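>>> The following block contains a protein sequence and its predicted model.
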Amino acid sequence: MNLLLDEIARATARLADAGAASPRADAEELAAAVHRVKRSELHGVPDGSFDARFWEFVARREAGEPLQHITGRAFFRYLELKVGPGVFVPRPETEVMVGWVLDTLRDMDVRDPLVVDLGTGSAAIALSIALEAPRARVHAVERDPTAFVHATRNVEELDERGRVRLHLDDFATALPELNGTVDLVVSNPPYIPMSEWEYVPRDVRDHDPADALWGGGDDGLDAIRVVEQTARRLLRPGGHMAVEHSDLQGNAVYWVFAEENGWRDVRNRRDLTNRDRFVTARTTSD
């Protein structure tokens, strides 16, 4: 065992004692970030190249700072995104919703589908769509200026085809010029009720931006209600919608997309742990 791997083993024990959910993976990711190598290359770092900043990173993770804020990067599907304080760190469960979006776009009889991402954050969803459905045109809306800076950096670095357009705007009023023309709207909005504050993991509630967590209203669904209204305005007849929610909100979100408001084919969809995770729907056709 070389020096770095020995230090990673020690860091793993410290992070486990601190309550980290994945202490070995965290320690390896911190080491890879400090030494500018892939995790699979850690064994090849010479003893003389060990960087003591590794222990500074470990101490920050012990104190509850999110791993992605320390390393400055987050992985989402096929992307490595720049993240940090002020922007929501994308979660693996959202990747399942993006997979549904991509399947839906491939099944559309539309040459260059028009997609809107409401609440883009780091631009994880928008960039994944642009990368994996390269004919799609994506408009990504973010209302928080700090998150918008992160989104701009990621789009400038990763959107090689120029398929993503960013908009600093509010969900409720964004993109009136696209009313009735959009093929698909997707959103991972805030949806946590403030009444559940004490149940939210400390590193999430202390470090993720509040506007990306708390959905508003007693049930946390006010932001999703705004997304529904905006999607109904933007979508063409027969257009598709996907919106993420917590694993306890599937039934409530289902009824947000009411038939009397012009929705059909409303479905609860599950994530990889078989929990309700997002709702999909279509607008009625003419």
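Structure received.
>>> Bridged to residue 186, which residues?
Judged by DSSP bridges, the bridge partners of residue 186 are residue 117, residue 242.
>>> what about it, distance to residue 94?
According to CB to CB, to the nearest Å, residue 186 and residue 94 sit 10 Å apart. (C-beta placed from N, C-alpha, C; glycine too.)
>>> Neighbour count: those two, which is higher?
A count of neighbours by other CB atoms under 10 Å puts residue 186 above the other of residue 186 and residue 94, at 30 against 22.
>>> quick one: that one and residue 113 touch, right?
No. If you go by CB atoms under 8 Å, residue 186 and residue 113 don't touch, sitting 11.7 Å apart.
>>> List the buried residues for stretch 234-254?
Across stretch 234-254, burial judged by 16 or more other CB atoms under 10 Å covers 234-236, 239-246, 249-250, 252-254.
>>> can you name the two of those residues that are farthest apart?
Farthest-apart pair in the buried residues of stretch 234-254 is 236 and 246; separation 29.4 Å (CB to CB).
>>> ok so, going back, among the buried residues of stretch 234-254, which lie within helices?
Mapping these onto helices (DSSP state H) picks out 234, 250, 252-254.
>>> any chance of those in JSON lines, with pLDDT and distance to residue 217 too?
Formatted as JSON lines, these follow (pLDDT from 0 to 100; distance: CB to CB, whole Å):
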{"residue": "234", "pLDDT": "98", "distance to residue 217": "22"}
{"residue": "250", "pLDDT": "80", "distance to residue 217": "17"}
{"residue": "252", "pLDDT": "90", "distance to residue 217": "11"}
{"residue": "253", "pLDDT": "91", "distance to residue 217": "13"}
{"residue": "254", "pLDDT": "92", "distance to residue 217": "17"}
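>>> Next up, phi/psi of residue 265, please.
phi 50, psi 40 (degrees, to the nearest 10).
>>> excluding its backbone neighbours, what's nearest it?
residue 282 (4.6 Å; CB to CB, 6 or more residues apart in numbering).
>>> can you confirm the one you found is in a strand?
Yes. Under DSSP: H, G, I helix; E, B strand; the rest coil, residue 282 falls within a strand.
>>> Verify the contact between it and residue 264 for me.
Yes. Counting by CB under 8 Å, residue 264 is a contact partner of residue 282 at 5.4 Å.
>>> Between the two, which is the more surrounded one?
A count of neighbours by other CB under 10 Å puts residue 282 above the other of residue 282 and residue 264, at 20 against 12.
>>> Quick check: bridge partners of that one?
Following DSSP bridges, residue 282 is listed with bridge partners residue 240, residue 264.
>>> just for the stretch 151-286 of the chain, where's the confidence low?
192-201, 203-207, 209-210, 212-216, 286 (pLDDT under 70).
>>> can you map out the strands along it?
For the stretch 151-286 of the chain, the strands defined by DSSP state E, counting those that start in this stretch cover 164-168, 182-187, 235-244, 263-270, 276-283.
>>> Next up, the contacts around residue 63.
Neighbouring residues of residue 63 by CB atoms under 8 Å, 6 or more residues apart in numbering: there are none.
>>> From what I see, residue 243 and residue 279 are in contact.
Yes. With contact defined as CB under 8 Å, residue 243 reaches residue 279; the gap is 5.6 Å.
>>> quick one: the closest residue in space to residue 230 that isn't next to it in sequence and residue 155, what's the gap?
Of all residues not flanking residue 230 in the chain, residue 171 sits nearest, at 5.4 Å (CB to CB, 6+ apart). With distances taken as CB to CB, residue 171 is found 19 Å from residue 155.
>>> quick one: the helices in the stretch 51-200 of the chain?
Along the stretch 51-200 of the chain, the segments classed as helices by DSSP state H, counting those that start in this stretch run 53-62, 67-71, 92-107, 124-132, 145-158.
>>> buried stuff in the fourth one?
Put plainly, it is helix 124-132. By 16+ other CB under 10 Å, the buried positions in helix 124-132 come out as 124-132.
>>> Just send those back as TSV, with pLDDT and distance to residue 179 too.
Rendered in TSV, the data for those read as follows (pLDDT from 0 to 100; distance: CB to CB, whole Å):
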residue	pLDDT	distance to residue 179
124	97	26
125	98	21
126	98	20
127	98	25
128	98	25
129	97	21
130	96	22
131	95	27
132	96	27
